[in-house]
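Q: Next one to model:
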Amino acid sequence: MPDPDKPSFRLNRRQALSLVAVTAAGGALMSQRAFAQEAGASADTAGLLPGADVCVITPEVTEGPYYFDPALDRRDITEGRPGVKTQVRLQVVDAQCKPLSGARVDIWHADATGVYSGYANQTGGVDTTGETFMRGTQMTDANGVAEFTTVYPGWYRGRTTHIHFKVFLDETNILTGQLFFPDALSEFIYKNVAPYSDRTEERDTINTNDNIAAQATRASFAYVKELADAYLVAMIIGVDPSATSSNLGDAGGAGGPPPGGPPPDGGNGGPPATGSSRGSLVPGVEAGN
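A: This next block holds a predicted model:
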């Protein structure tokens, strides 16, 4: 395991981003259309980056803990809670990379302290019943894009850093997935930025030993860019418009009762792939170096 007291491990924010640039882009390269939106220009889907692995169906994974629909159509989902400002940009496309407008996108995630809104009996007995922070809905625009303002998600035991999402094309076509982050950047934020750094326990799970991240494949790893006052976190979500979801549940209701104790994603993810041993935080660099 890397020693945070070693000088070689003291990364500043820009160094962390430079180390993970390939990883961040490798799983979800943004199309020319998405990059053009960021710059305020225009482009068509014929201009995809060479070899971009985006015209594929995004793997569906467990819904995880604590989903419910708060019926909040909003872009800013923070409700004033602290954390590193993060813009989440999701572009919904079909297998031919055609943007899908009018799709409903829900996201939810833990706050900077690793707590979800809306549920009791979380880690340490935390009760957030009646609260709705870090939850919201947006409809995709003409370019298939839904965007949210949030904070960088915190961590909890048994899971790597992630954001949950659902894409609703209609009442029978719902894709449930999770979005993942570069570990080196997460580690820097958790070690150096309050309130993340106020926690004294060591996180036990990163991308390399999280079973759900493995199931989601590299297609679910986000592109990350440092802006002047926030991080831009972007991912293309490929969906099959002709599909019928096998586990529809209730799009307007709860996603099932929460698990007791620390959120283990409902027990559906299983234990970390390599037990409690963490792997490398930086691709190509062995743990402990």
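Q: With just CA atoms, put stretch 61-80 into PDB.
A: Output of stretch 61-80 as PDB, limited to C-alpha atoms (Å, rounded to 0.1, in the frame of the first residue of the first chain):
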ATOM      1  CA  VAL A  61     -24.800  -2.900 -12.700                       C
ATOM      2  CA  THR A  62     -26.500  -3.200  -9.400                       C
ATOM      3  CA  GLU A  63     -28.700  -0.200  -8.300                       C
ATOM      4  CA  GLY A  64     -26.900  -0.200  -5.000                       C
ATOM      5  CA  PRO A  65     -28.000   1.500  -1.800                       C
ATOM      6  CA  TYR A  66     -30.500   4.200  -1.100                       C
ATOM      7  CA  TYR A  67     -32.200   5.000  -4.400                       C
ATOM      8  CA  PHE A  68     -35.500   6.900  -4.400                       C
ATOM      9  CA  ASP A  69     -37.000   9.500  -6.600                       C
ATOM     10  CA  PRO A  70     -37.300  12.800  -4.700                       C
ATOM     11  CA  ALA A  71     -39.200  14.300  -7.800                       C
ATOM     12  CA  LEU A  72     -36.600  17.100  -8.000                       C
ATOM     13  CA  ASP A  73     -35.900  18.300 -11.500                       C
ATOM     14  CA  ARG A  74     -32.800  20.300 -10.800                       C
ATOM     15  CA  ARG A  75     -29.300  20.800 -11.900                       C
ATOM     16  CA  ASP A  76     -27.700  21.800  -8.600                       C
ATOM     17  CA  ILE A  77     -28.100  18.800  -6.200                       C
ATOM     18  CA  THR A  78     -25.800  19.900  -3.400                       C
ATOM     19  CA  GLU A  79     -28.300  21.700  -1.100                       C
ATOM     20  CA  GLY A  80     -25.400  23.700   0.200                       C
END
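Q: and that stretch, average pLDDT?
A: Averaged across stretch 61-80, pLDDT comes to 90.
Q: Could you do stretch 118-127 as well?
A: Mean pLDDT, computed over stretch 118-127, is 88.
Q: Let me see the contact set for residue 193.
A: Residue 193 makes contact with residue 84, according to CB atoms under 8 Å, 6 or more residues apart in numbering. Backbone N, C-alpha and C define where each C-beta goes, glycine included.
Q: again, only using 10 Å
A: By CB atoms under 10 Å, 6 or more residues apart in numbering, the contact set of residue 193 is 13, 82-84, 112, 152.
Q: And the residues you listed, which two are furthest apart?
A: Using CB to CB, the pair of those lying farthest apart is 13 and 82, separated by 17.2 Å.
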